[in-house]
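Engineer: What follows is a protein structure lacking sequence information:
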C-alpha cells in the first residue's frame, strides 16, 4: 500500500478534524442581555459568547475537539509522513478501531451538548459545526472500516 496516497476515508477524517478544531474557537454558547430604557436613557444590551475553551465546561467541551484533532493528526502522519512509524495497535485496538471509538465518543458528547438545557445561554455556531464535524468523523471512521474489508463479493 502506498502510504503517501490519501484515501477518501482519511480525507474525510482530516477535514472533519480540522473543522472540529476551528469550530471549537467559535461561539459555543452565547448569552444576550436585553436593553431597557430608564428615563429616556438606553441602558444595557449586548451579547457575550464563549467558545469551547472558555466556557465553564472547559474540559468537557474540549474533549470532542481534542479527539477530532488526534484523529486528524494520526491520519496526517499515516498519509504524509511515511518515515514516521506508529504502532499497529494501541491498547489492543487497531487505529481504525481507535478512530471509530473516538468519533462515536465525540458525537455522543456533541449530541449531549445539543439537547442540554443551557438556561439563559443560547447554543452558538461553534457547537453546531462541532456536531456536524463529529458526525463526519463517524462517517470517516466507518469508511475506513469498509476500506480495510475491501470490496464485498456476493454469490
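Structural biologist: All right, it came through fine. If you're wondering where the values come from, they're calculated on a predicted model, not measured in any experiment. Numbering: from 1, shown residues only.
Engineer: just checking, what packs against whatever helix or strand residue 134 lives in?
Structural biologist: Assessed by DSSP states H and E, residue 134 sits inside helix 125-149. Counting contacts by 3 or more Cβ pairs under 8 Å, 6 or more residues apart in numbering; DSSP states H and E, helix 125-149 packs against helix 8-23, helix 58-80, helix 95-115. C-beta coordinates here come from the backbone N, C-alpha and C atoms, glycine included.
Engineer: which residues touch the last one?
Structural biologist: Meaning helix 95-115. When contacts are defined by Cβ atoms under 8 Å, 6 or more residues apart in numbering, helix 95-115 is touched by residues 13, 20, 28, 60-61, 63-64, 67-68, 70-71, 74, 78, 86, 88, 90, 93, 123, 127-128, 130-131, 134-135, 137-138, 140-142, 144-145, 148.
Engineer: could you give the mean pLDDT of it?
Structural biologist: In this model, helix 95-115 has an average pLDDT of 96.
Engineer: Tell me the buried residues in it?
Structural biologist: By neighbour count on 16 or more other Cβ atoms under 10 Å, the buried set for helix 95-115 is 95-100, 102-107, 109-110, 113.
Engineer: Same check on the first one?
Structural biologist: Along helix 8-23, these residues count as buried under the neighbour rule (16+ other Cβ under 10 Å): 9, 10, 12, 13, 14, 16, 17, 19, 20, 21, 23.
Engineer: Kindly report the same for stretch 51-68.
Structural biologist: In terms of neighbour count (16+ other Cβ under 10 Å), stretch 51-68 has its buried residues at 51, 52, 55, 61, 62, 63, 64, 65, 66, 67, 68.
Engineer: Show me the shaky parts of this protein.
Structural biologist: 1-4, 151-155 (pLDDT under 70).
Engineer: residue contacts, the most centrally placed residue in the chain?
Structural biologist: Geometric centre of the chain, nearest residue: residue 20, 3.7 Å, by Cα atoms, centre = their mean. By Cβ under 8 Å, 6+ apart, the contact list for residue 20 reads 64, 65, 68, 69, 72, 106, 130, 133, 134, 137.
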